[in-house]
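Asker: sharing a sequence plus its predicted fold:
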Amino acid sequence: MTVIQAAGMRWMPSQRPIQEKFMDAIIQFLLQHGYLFLFLLVFVEQLGLPVSALPGLLAMGALAAGDRFSFAGALAAAFAGSVIADTGWYLLGRWRGHAVIRLLCRIALEPDTCVRRTLGAFDRLGAWTLAVAKFLPGLSLIAPPLAGASRMSPLVFQIGNGAGIILWAGGWMVLGCLFHTQLEVLARWGLRLGAFLIVLLAVPLAVYVILKFRHRRRFLRTIHRARIGVDELALMLASADPPAVIDLRHPDEIAADGGILPGAHRIPAAELERRRGEIPSDRDVVLYCNCPREASSAAMALKLHRLGFPRARPLAGGLDAWRASGRPVDPAEPPTSI
């Protein structure tokens, strides 16, 4: 027997009891504070902090399978944590409107799609979007304030959101119940692997975030080079050959704002490719939206370039920059053609 093997044999017996004690300590903590812990975990996640409630939901489901916890009680704790956070976002959306949405988009890795995807889902599913959004990272955070900004009634919001919470939290807890034995084995293996497991999980996530961040920075550099300023747009609109101005906002965003650029044609970003025949290819085209750093309008301008509209450009600052310059806006009348 080598010295290393002998050392390994001395190390293993002392290491296993530590792991077992740590596992027992976690279980005892959950048994004593499980309901409060789950409430806070879900609440913090739904506020938008980078915390996942999934492990807690699975663990509570597994403990409920062994009759060490009330399944209904744990579900009620998760429901309370989520509904309080979601209602806060909903009320903030009703109070501050789409300014809250723009704030959330500023920290998103894909700011050009977060609002458009949620608004598109609201168009297709209505209040049930709130239930579906619970299972989709990103959308679960932005759906409640967007429902508030869209003036969804409080009762409809609570019904749709409540159904989503029950399906989401209850679903993961049921999985914890069904696979409680396997989860316990995985947890013990996780304790044995220790730091190696953390690195194994953290490295792919870090690579994903870095790649997304680099893609976003390239995207923002492209926007900066291509966009047009409000002063240049004002001169072009006063010329003999004015550009076609496209408002890419969703109808709900336009209704909440109440104004559009003078003479703008309304084509929601989600419909731009399908309705590209309405856009003149022999004129300058200026696109604008409400997204931070013109994310949607820049993405749509690049798409129009690929579709044969090389003179399409995003408006720097969008409608907010136009207003800030002191220039007038038109009231949001029914859509008109170019």
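Answerer: Right, received. Where do you want to start?

Asker: can we go C-alpha only for contacts and neighbour counts from here?
Answerer: Fine.

Asker: ranges for the helices of the stretch 201-338 of the chain?
Answerer: All helices of the stretch 201-338 of the chain, identified by DSSP state H, counting those that start in this stretch, fall at 230-237, 251-257, 295-306, 318-324.

Asker: mean pLDDT and mean neighbour count for those helices - can I get that in CSV?
Answerer: Conversion of the helices of the stretch 201-338 of the chain to CSV gives the following (pLDDT from 0 to 100; neighbours: other C-alpha atoms under 10 Å):
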stretch, mean pLDDT, mean neighbour count
helix 230-237, 91, 14
helix 251-257, 75, 16
helix 295-306, 81, 21
helix 318-324, 86, 17
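
Asker: output these in CSV; the columns should cover distance to W168.
Answerer: Shown next, in CSV, are those (distance: least, C-alpha to C-alpha, whole Å):
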stretch, distance to W168
helix 230-237, 45
helix 251-257, 27
helix 295-306, 30
helix 318-324, 37
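
Asker: F179: which of these is closest?
Answerer: helix 295-306 (42.7 Å; C-alpha to C-alpha).

Asker: in stretch 266-276, which residues are buried?
Answerer: Neighbour counts over stretch 266-276 (16 or more other C-alpha atoms under 10 Å) mark 266-270, 272 as buried.

Asker: hang on, the earlier thing: quick one, which of the helices of the stretch 201-338 of the chain is nearest to R276?
Answerer: Per C-alpha to C-alpha, nearest to R276 of these: helix 295-306, 8.2 Å.

Asker: about what we covered before: quick check, nearest of the buried residues of stretch 266-276 to R68?
Answerer: A270 (49.2 Å).

Asker: how far away is the closest one from G34?
Answerer: 44 Å (C-alpha to C-alpha, to the nearest Å).

Asker: next: N290.
Answerer: 42 Å.

Asker: looking at these two, which one has more neighbours?
Answerer: N290 (26 against 21; other C-alpha atoms under 10 Å).

Asker: for that one, give me the pLDDT.
Answerer: Looking at N290, its pLDDT stands at 72.

Asker: how about the one 3 residues further on?
Answerer: Residue-level confidence at R293 comes out at 58, pLDDT.

Asker: before we move on, what about L201?
Answerer: 53.

Asker: and for A169?
Answerer: Value for A169, per-residue pLDDT: 92.

Asker: same thing with I166?
Answerer: Here the pLDDT value assigned to I166 is 94.
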